[in-house]
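Asks: My questions concern the predicted model and sequence given below.
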Amino acid sequence: MNFQEWFRLFQQQILHTSIIEWLAVGFGVSEVLLAKKNNIWLYPTGIISILLSMFLLLNVKLYAEMLLSIYYLVMSVYGWMIWKKRKIDGENQVSWSTSQELLIAVLIAVVGFFVLYFALRHHTDSDVPLLDAFVSSTAWAGMWLLAKRKIENWIFLNISNIVAIPLLFHKKLPLMACLTTFLFIVAIFGFLDWKKIIGKRKFRVA
C-alpha cells in the first residue's frame, strides 16, 4: 500500500470514527498533558477516558488491552489516593525508582506478558495475542510506577506505546493510534520535565 492509498484509508476511517472514540481521545490528551505537568487532575480525566476506551477495545476484540483498561481504572483510583495523601503529608514529589521498585516493575511486565499471552492464545479469538499481551504488560508496569510518581513510568509507557501504535492502526482505530502517537511524544517531554523537577530539588537541597 502506497502513501496515497494509506492516507485515503486513514481519511475514511476518520470519517467513520464514533463520537465515543473522539471523546476518549479528548480526555486521553487532557490526561497525559496533566501528567506531564505533574497535576493530580490527570486521574479524573483519565478515568473518563478509560471507561470510554474499554467500550471501544471490547468491540474490536483487544481483550488484553481491555484488561489493561480495567487495571488502569484501578491504578488511577489508587494513584489518585496516593497523590492526595502525599500532598496532605507534604511529600508530593516525583523521584527516581529504587532498585526494588524497578525490579517489581520488570516483574509486572514479564509475568503479565506470559499470563496474558497464554490467556489470549488459548482462551480468546484474538488474532494478535503476542502484541496485545506485550502492549498491556509493559503499560501495567508503567502505570504502577506513575501511581508512585516514579520517573521511569515514562520509559515503560513509551515501550508500550511504540508497539501499540501499529496495532491500533491494524485494528482500524485511527484516532486511538494518533492519540498513542501523541502520548509517545508527550511522554518524552514528560520524562525530561520530571528529570528537571528532580534536578532542581536536589540543587535546592545541596
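Replies: That came through fine.
Asks: Does anything pack onto the longest helix along the chain? Which helices or strands?
Replies: Ranked by number of residues, the top helix in the chain under DSSP state H is helix 174-205. Helices and strands touching helix 174-205, by 3 or more C-beta pairs under 8 Å, 6 or more residues apart in numbering; DSSP states H and E, are helix 3-15, helix 19-36, helix 153-170. For the C-beta atoms, the positions are set from N, CA and C on the backbone; glycine is no exception.
Asks: Let's test this: mean pLDDT of the shortest one, rounded?
Replies: Spelled out, that is helix 3-15. The pLDDT scores in helix 3-15 average 71.
Asks: List the buried residues in stretch 149-167.
Replies: 149-161, 163-165, 167 (16 or more other C-beta atoms under 10 Å).
Asks: Grab the nearest non-local neighbour of residue 146.
Replies: residue 153 (4.0 Å; C-beta to C-beta, 6 or more residues apart in numbering).
Asks: Report pLDDT for the one you found.
Replies: 95.
Asks: what sits against it?
Replies: 142-146 (C-beta atoms under 8 Å, 6 or more residues apart in numbering).
Asks: Out of those residues, name the ones that lie in strands.
Replies: In this view, the contacts of residue 153 have no member that belongs to strands under DSSP state E.
Asks: about what we covered before: in the longest helix of the chain, which residues are buried?
Replies: 174-184, 186-187, 190-191, 193-194.
Asks: That one: how far from the chain's middle?
Replies: Relative to its chain's centre, helix 174-205 lies at 13 Å (C-alpha atoms, centre = their mean, to the nearest Å).
Asks: try stretch 163-176
Replies: Worked out by C-alpha atoms, centre = their mean, stretch 163-176 lies 14 Å from the chain centre.
Asks: Do me a favour and get the end-to-end distance for that stretch?
Replies: 13 Å (C-alpha to C-alpha, to the nearest Å).
Asks: residues making contact with that stretch?
Replies: So stretch 163-176 is contacted by 10, 13-14, 17, 21-22, 24-25, 53, 56, 60, 62, 65, 128, 131-132, 134-135, 138-139, 177, 180-181, 184 (C-beta under 8 Å, 6+ apart).
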